[in-house]
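# model this:
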Amino acid sequence: MRHLPSISVEGISAFVYTVELGSFTAASQALGLSKSAAAKSVARLEERLGVQLLLRTTRSITLTDEGKVFFLKSKEILEDIEAAETSMSLRRREVTGVLRVSLPVSFGRLWAAPALLELTTQYPSLVLNLSFTDRFVDLVEEGFDLSVRIGASDDSATILTRMLAEQTSILCAAPAYIARHGTPDKLEDLASHRCIFFEHGGRLLPWHLVTEDGDMVEQSYAGCLTVNHGEALLDAALAGHGIARLSTWLAGEHLRSGALVPVLSFSDMVDRSINLLWPRRRDHAPKIRVAIDALVARFASPVPWGR
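Sure, this is the predicted structure:
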């Protein structure tokens, strides 16, 4: 009787990474294996299962129907193993060392950094290195342990992602501005108002708004005030210089106090997710796990900025 190879975690990992990264070469680099070792691991897996999981050509690798089913199951298996390893690791190891975190400038200062700073009281051997930038950093290349991003996540097999919260953006203005210029009743009225826009890389970023009919439109107006810093944009709105489109995590306190009032509320929308990212290879480190737990707890529903 012919002996079939057993199913190994290495084989499942090689299969999942090959599918997600698109080649045995990329998968082998991510796993620290040779290309031939990654390919042989997948071949042994197919032999053990008795089905072909991948269709291989000189230019591409695609999943068979059986491969699609097994791919979903394999991801669940790897996630369960990682969770178990993390649990055991946290029981054995001390939270210590340098934790390098990349944070968005305004959101990081207002909401993420305070939660991380509290960890240094709980874990005196933990050293924080916080870097504030609105640029999307390469965690692996630049040596970061964690990154908070507003907007884009990362679908690569080497990076893990967890959504912390959703960003809601609204149009608002100071009561003094409304007293001088009136309240717009429809989107078309904005063309005759002073509007404050965010600028990035020398380019004005238009507003994406929802109409009363539920359609999405893109709006920008010539001759408006532009600002390339979120908190400076907030300051301009508070000072009565015009209507701004602000995220509620930035403007929530001022909306609750009445220093800002919403306008055209039908245009409010959830426009981005706020995501936490970290390298898969560092997932078991206690310093990373406690930081993830702290940030997840910080942004658990209801979100701390109120809406």
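
# For the one helix or strand Glu79 maps to, name the packing helices and strands.
For Glu79, the host element (DSSP states H and E) is helix 65-92. Packing partners of helix 65-92 (3 or more C-beta pairs under 8 Å, 6 or more residues apart in numbering; DSSP states H and E): helix 9-21, helix 286-298. Placement of C-beta: from N, CA and C, glycine included.

# Show me what the helix or strand following it packs onto, helices and strands only.
Where DSSP H and E defines the elements, the next helix or strand beyond helix 65-92 is strand 97-103. With contacts defined as 3+ C-beta pairs under 8 Å, 6+ apart, the packing partners of strand 97-103 are helix 113-122, strand 126-132, strand 146-150, helix 286-298.

# what does strand 97-103 contact?
Residues from elsewhere that reach strand 97-103 (C-beta atoms under 8 Å, 6 or more residues apart in numbering): 109, 112-113, 116, 125-133, 137, 139, 142-148, 285, 287-288, 291.

# just to revisit the earlier point, pick the most deeply packed of the helices and strands packed on strand 97-103.
Highest mean neighbour count of these: strand 146-150, a mean of 22 (counted as mean count of other C-beta atoms under 10 Å).

# So what touches that strand?
With C-beta under 8 Å, 6+ apart as the contact definition, strand 146-150 has outside contacts at 99-104, 107-108, 112, 136-137, 139, 164, 167, 272-278, 288, 291-292, 295.

# quick one: average confidence on the helix holding Glu79?
On average, the pLDDT along helix 65-92 is 80.

# now the angle between helix 9-21 and that helix, please.
120 degrees (axes from the mean of the first three to the mean of the last three C-alpha atoms, to 10 degrees).

# so helix 65-92 versus helix 286-298, what angle?
Using the same axes, to 10 degrees: helix 65-92 against helix 286-298 is 100 degrees.

# coming back round to it: with mean pLDDT and distance to Met216 as extra columns, can I get the helices and strands packed on helix 65-92 in a markdown table?
Output for those, formatted as a markdown table (pLDDT from 0 to 100; distance: least, C-beta to C-beta, whole Å):
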| stretch | mean pLDDT | distance to Met216 |
| --- | --- | --- |
| helix 9-21 | 89 | 31 |
| helix 286-298 | 92 | 30 |
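
# Now those in CSV, please, with extra columns for distance to Leu72.
Shown next, in CSV, are those (distance: least, C-beta to C-beta, whole Å):
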stretch, distance to Leu72
helix 9-21, 10
helix 286-298, 24
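
# coming back round to it: can you list the helices and strands packed on strand 97-103 in a markdown table and add distance to Leu246?
Shown next, in a markdown table, are these (distance: least, C-beta to C-beta, whole Å):
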| stretch | distance to Leu246 |
| --- | --- |
| helix 113-122 | 20 |
| strand 126-132 | 19 |
| strand 146-150 | 13 |
| helix 286-298 | 21 |
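
# Figure out which of the ones you listed is closest to Ala222.
In terms of C-beta to C-beta, the element of the helices and strands packed on strand 97-103 nearest to Ala222 is strand 146-150, at 27.3 Å.
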